[in-house]
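Chemist: Sequence and predicted structure are below.
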Amino acid sequence: MAGEPPFLFLHLPRTAGTTLNRLLERRFAPQEVLSLYSRDDFARNAVVDRRRLDGLRLIQGHVLLTDYEAFTFYDAPVRVFTFLREPVARVISEYFFLRTWPGQHLYPLLNEPGMDLAAYVTSGHKLLRYKGANFMTRVLSGLDPDARPQAALERAMENLRRRFVCFGLTERFDESLLLLADVLGLTDLLYERQNVLRRPEAERATTEERALVAARNSLDTALHAFAVTLFEERLAAGGAAFAARLARHRQLLGRFQKLCRLLDARAGKETGAIDNPKG
């Protein structure tokens with residue numbers, strides 16, 4: 001491909017990726033971006049010719065790499081970044097979010113009688129078998145965590161440390177944005193949260209359900225803990241200069257979000273409501 005390979009955003013569901021995508025829209029022109037989220041997206045782009053690839057600067061979506069050894073997508077090299085989230089909160093959020101979104105293909109299944117959170121993370125249904133158990137490890141490694149748990153975890157960790165150009169943590173979104181900005185050249189980092197559930201994840205599941213989700217996601221828990229440690233190391237490497245940048249960013253962001261809340265109130269809009277997920 002001509003020039004630098006495009007960036008590939010491996011978008012793990014419920015990691016603030018929609019909020020991030022709104023920022024990426026300001027950085028890259030529409031013709032430079034390939035989005036792969038819906039069935040229609042995948043159908044239209046089952047094959048992408050070389051000229052189209054040469055013009056891309058960003059690919060984003062709920063996808064896997066074509067080849068995890070060569071680190072390619074559409075058989076072309078890519079520069080990969082992602083966001084991770086504490087796995088119990090992520091899975092619970094994903095389950096309740098998908099049940100509110102009529103436009104996505106799992107909506108009818110997740111609203112069937114008996115399809116509670118426990119069923120979601122233990123179901124053998126072909127549409128759910130990979131959703132609720134160690135999904136982050138699967139996406140970051142390209143391996144099946146059920147068949148090769150240790151190999152999948154080790155490869156996911158190694159990819160995070162050495163092969164991804166950057167990664168962020170949902171719980172440390174602002175710090176993550178600054179790290180990502182240095183890699184992608186982002187300059188406008190002011191945002192409103194997108195697709196936010198009205199009630200926190202902790203209020204949406206019983207103690208027993210949370211324990212079951214944790215048991216089903218032990219590899220993701222280990223991966224997230226590794227990512228937190230690595231993330232802290234990278235923040236520390238930025239020293240006082242990074243801390244000063246973060247303080248300035250948060251000051252500007254606080255003013256921006258206050259203004260957004262005032263405008264929402266004036267328009268009669270409930271802040272944080274999901275009127276049309278992914279719309």
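Modeler: Received it, and whenever you're ready, just let me know what you need.
Chemist: Check whether T82 sits in a helix, strand or coil.
Modeler: Going by DSSP: H, G, I helix; E, B strand; the rest coil, the secondary structure assigned to T82 is strand.
Chemist: got a pLDDT number for it?
Modeler: According to the model's per-residue confidence, T82 sits at a pLDDT of 98.
Chemist: buried ones in the lowest-mean-pLDDT helix or strand in the chain?
Modeler: Averaged element by element with mean pLDDT, DSSP states H and E, the chain has its least confident helix or strand at helix 50-54 (a mean of 87). By neighbour count, and taking 16 or more other Cβ atoms under 10 Å as the criterion, the buried residues in helix 50-54 are L53. C-betas here are computed from N, CA, C, even on glycine.
Chemist: now stretch 253-269
Modeler: Neighbour-count burial for stretch 253-269, counted by 16+ other Cβ under 10 Å, picks out 253, 260.
Chemist: what distance separates that stretch from the centre of its chain?
Modeler: Stretch 253-269 has its average C-alpha position 25 Å from the chain's average C-alpha position, going by Cα atoms, centre = their mean, to the nearest Å.
Chemist: ditto for stretch 152-168
Modeler: Relative to its parent chain, stretch 152-168 has a centroid offset of 14 Å by Cα atoms, centre = their mean.
Chemist: Now do that stretch: distance from first to last residue.
Modeler: Distance across stretch 152-168, first residue to last, is 20 Å (Cα to Cα, to the nearest Å).
Chemist: With stretch 54-71 instead?
Modeler: From the first residue to the last, stretch 54-71 extends over 17 Å; the measure is Cα to Cα.
Chemist: Residues contacting that stretch, please?
Modeler: Contacts of stretch 54-71 from elsewhere in the structure, counted by Cβ atoms under 8 Å, 6 or more residues apart in numbering, are 1-2, 6-13, 21, 24, 27-28, 31-37, 41, 72-75, 77-78, 80, 139, 141-143, 155, 159, 163.
Chemist: Name the residues of that stretch that are buried.
Modeler: Using 16+ other Cβ under 10 Å as the burial criterion, the residues of stretch 54-71 that qualify are 56-61, 63, 65, 68, 71.
Chemist: and which of these is nearest G185?
Modeler: Checking the buried residues of stretch 54-71 against G185 with Cβ to Cβ, the nearest one is R57 at 10.1 Å.
Chemist: Tell me the gap between stretch 161-170 and the middle of its chain.
Modeler: Between the centre of stretch 161-170 and the centre of its chain there are 12 Å (Cα atoms, centre = their mean).
Chemist: which residues sit against that stretch?
Modeler: The list of residues contacting stretch 161-170 from outside it, by Cβ under 8 Å, 6+ apart, reads 7, 15-16, 20, 71, 79-86, 90, 160, 175-177, 179-180, 182-184, 227-228, 230-231.
Chemist: quick one on the thing from earlier: which single one of the buried residues of stretch 54-71 is nearest to Y107?
Modeler: Where the buried residues of stretch 54-71 are concerned, and distances follow Cβ to Cβ, Y107 has its nearest neighbour in G61, at 19.2 Å.
Chemist: tell me the pLDDT at that closest one?
Modeler: Among the per-residue scores, G61 holds a pLDDT of 95.
Chemist: Give me the phi and psi angles of the closest residue to it other than its chain neighbours.
Modeler: With sequence-adjacent residues excluded and distances taken as Cβ to Cβ, 6 or more residues apart in numbering, G61 is closest to L36, at 3.1 Å. When quoted as degrees, to the nearest 10, the phi and psi of L36 stand at phi -130, psi 90.
Chemist: Please tell me how far L36 sits from R26.
Modeler: Between L36 and R26 the distance, using Cβ to Cβ, to the nearest Å, works out to 20 Å.
Chemist: of those two, who's got more company?
Modeler: Summary of the neighbour comparison: L36 and R26, criterion other Cβ atoms under 10 Å, with L36 having more neighbours (17 against 12).
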